[in-house]
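# Fold the following.
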Amino acid sequence: MSEATPTGRPAQQEFEKVLAGATTSVASFDEERLTLLQRLQRFLHAYPTTVPFVVLALGLLLGVAVNPHRFTSASNLSTVLTQVMVTGLLGIGQTLVILTAGIDLSIGVIMVISSVVMGRLGVLDGVPTIIAFPLGLLCGAVFGYVNGALVTRLKMPPFIVTLGTLSIIGALITFYSRSETIGMQDIDEQAPFLSLMGDQVAIGDVRVMWGTFLLLIVAAVVWYILTRTAYGRHVYATGDDPEAARLAGIDTDRILLSVYVFAGFIAAIAGWALIGRVGAISPTAGENMNLNSITAVVIGGTSLFGGRGSIIGTLVGALIVGVFRSAVSLAGLDVLWQEFAIGVLIIVAVALDQWIRRVSK
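Model prediction:
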């Protein structure tokens, strides 16, 4: 029979109550001792997507300050959304890879070869679109599988693997396409479905491509997978601490392989949007967009060290790139200053991420 206190409560319960009160007091005392900078650091650690939204707001203010009439015009908004469309789709695929502490330098050329496969089969070879289109999507998934297999089975660094496949796929694009561009007239005659994402719908005075809606749909699906499913939690766990994830029973190699396949598939979807965006099927269009996708992901708050980030942050990051480019352009500055501004944003974003991560140490 347990010993009781004068109030009639068991001694063990009374002890736990006192201990809980002491712990709360210590926590409150530690919280009071934090400086304003430390409080900010903890806040950003808890809500990492705050930073991209703040940067986006600053970019909007910069654009309004530079040229309020042109920056806020419907035509400029249409242009920004069009520029963000393909970068955002690639950024979603890149986010999946970077969440696992990897990187995919080949995601841009996977997008291009997928669009070329769709185009040459559907337009030049006379293959029905209902077959040519899925084969283009399958092409992206297959190259994603190759990347994932090399990373998981041969234990090669993702940077080296995707750097190699970047060159390999680039050569295959030139070989298969014969360096020929398929024009919009031929596409509309033989396979109009392939250019569907370039069609526009008017929302007020703003012209929005269907590809923008495709971006939002893909983002919503991937957001749900990452935040509402066990698979999404496994992706975050694999990127945060692979060894702990393995000890918890997660097949990390299987997760990594699936992530690269998923990223390749999304890159193929971006290839479909690219056809509408460019108005042609070109072996050279968008092949360097892998860097833009990485930029959007990093500026959007996803950690290059894995385990932290969000799809919403990536979308905001893509918007930041588009908004800053637009603001610098409207300011009448040379294109090189656009690249300068984006480079500064990347360095600041990575430095800020490292600072925020130190809050847990």
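# Disregarding residues adjacent in the polypeptide, which is nearest to residue 165?
residue 106 (4.3 Å; CB to CB, 6 or more residues apart in numbering). C-betas here are computed from N, CA, C, even on glycine.
# residues contacting that neighbour?
143, 147, 162-163, 165-166, 169, 290 (CB atoms under 8 Å, 6 or more residues apart in numbering).
# rerun at 6 Å
162, 165-166, 169 (CB atoms under 6 Å, 6 or more residues apart in numbering).
# Switch the residues you listed over to a markdown table, and while doing so, append secondary structure and distance to residue 127 to every line.
Output for those, formatted as a markdown table (DSSP: H, G, I helix; E, B strand; the rest coil; distance: CB to CB, whole Å):
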| residue | secondary structure | distance to residue 127 |
| --- | --- | --- |
| 162 | helix | 29 |
| 165 | helix | 26 |
| 166 | helix | 27 |
| 169 | helix | 21 |
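# which one of those residues sits closest to residue 237?
Taking CB to CB as the measure, residue 162 is the one of the contacts of residue 106 closest to residue 237, at 22.5 Å.
# separation between the closest one and residue 143?
Distance of residue 162 to residue 143, computed by CB to CB, to the nearest Å: 10 Å.
# one step back: Throw together a ChimeraX command that grabs the buried residues out of the contacts of residue 106.
A single ChimeraX command is used to select the members of those judged buried by 16 or more other CB atoms under 10 Å:
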select :162,165,166,169
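# now, among the contacts of residue 106, which is nearest to residue 347?
Nearest to residue 347 among the contacts of residue 106, with distances taken as CB to CB, is residue 162, at 22.0 Å.
# What segments of the stretch 201-350 of the chain are helices?
210-228, 230-240, 242-247, 252-278, 289-299, 311-330, 335-357 (DSSP state H, counting those that start in this stretch).
# Among those, which comes closest to residue 134?
helix 252-278 (9.7 Å).
# Mind giving me the packing neighbours of that closest one?
helix 74-99, helix 107-119, helix 129-153, helix 210-228, helix 230-240, helix 242-247 (3 or more CB pairs under 6 Å, 6 or more residues apart in numbering; DSSP states H and E).
# Now the shortest one - C-alpha only, PDB.
Taking C-alpha atoms only, helix 242-247 is exported to PDB below (Å, rounded to 0.1, in the frame of the first residue of the first chain):
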ATOM      1  CA  PRO A 242      19.500   7.900 -42.200                       C
ATOM      2  CA  GLU A 243      21.000   5.700 -39.400                       C
ATOM      3  CA  ALA A 244      18.200   6.500 -37.000                       C
ATOM      4  CA  ALA A 245      15.700   5.900 -39.700                       C
ATOM      5  CA  ARG A 246      17.100   2.400 -40.400                       C
ATOM      6  CA  LEU A 247      17.100   1.600 -36.700                       C
END
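# What average pLDDT does it get?
Throughout helix 242-247, pLDDT has a mean value of 94.
# could you say what helices and strands it packs with?
Against helix 242-247 (3+ CB pairs under 6 Å, 6+ apart) you get helix 252-278.
# in stretch 242-251, what counts as buried?
242, 245, 250.
# hmm, who's touching it?
Taking CB under 6 Å, 6+ apart as the rule, stretch 242-251 contacts 234, 237-238, 252.
# First-to-last residue distance for it?
Using CA to CA, to the nearest Å, the end-to-end distance of stretch 242-251 comes to 10 Å.
# From the chain's centroid, how far away is that stretch?
24 Å (CA atoms, centre = their mean, to the nearest Å).
# circling back: so which of the contacts of stretch 242-251 is the most crowded?
residue 238 (26 neighbours; other CB atoms under 10 Å).
# residues in contact with that residue?
100, 245, 252, 255.
# which pair in these spans the largest distance?
Longest span within those, CB to CB: 100 and 245, 10.0 Å.
# Distance of residue 43 relative to residue 352?
Taking CB to CB as the measure, residue 43 falls 13 Å from residue 352.
# In terms of neighbours, single out the busier of those two.
Using other CB under 10 Å, the more surrounded residue of residue 43 and residue 352 is residue 352, with 16 against 13.
# Do you know the pLDDT at the closest residue to that one other than its chain neighbours?
Nearest non-adjacent residue to residue 352, counting by CB to CB, 6+ apart: residue 51, 6.4 Å away. pLDDT recorded at residue 51 is 81.
# Neighbours of residue 51, how many?
Applying other CB under 10 Å, we find 20 residues neighbouring residue 51.
# Secondary structure element holding it?
Using DSSP states H and E, residue 51 falls within helix 50-66.
# packing partners for that helix?
helix 311-330.
# quick check: angle from the helix it packs on to helix 50-66?
20 degrees (axes from the mean of the first three to the mean of the last three CA atoms, to 10 degrees).
# Let me see the mean pLDDT of helix 311-330.
Rounded mean pLDDT across helix 311-330 is 90.
# other SSEs contacting it?
Using 3+ CB pairs under 6 Å, 6+ apart, helix 311-330 sits against helix 50-66, helix 74-99, helix 210-228, helix 289-299, helix 335-357.
# Return the member of those having the minimum mean pLDDT.
When I compare the helices and strands packed on helix 311-330, helix 335-357 is least confident, with a mean of 79.
# between that one and helix 311-330, how many degrees?
With the same axes, to 10 degrees defining the directions, helix 335-357 sits at 150 degrees from helix 311-330.
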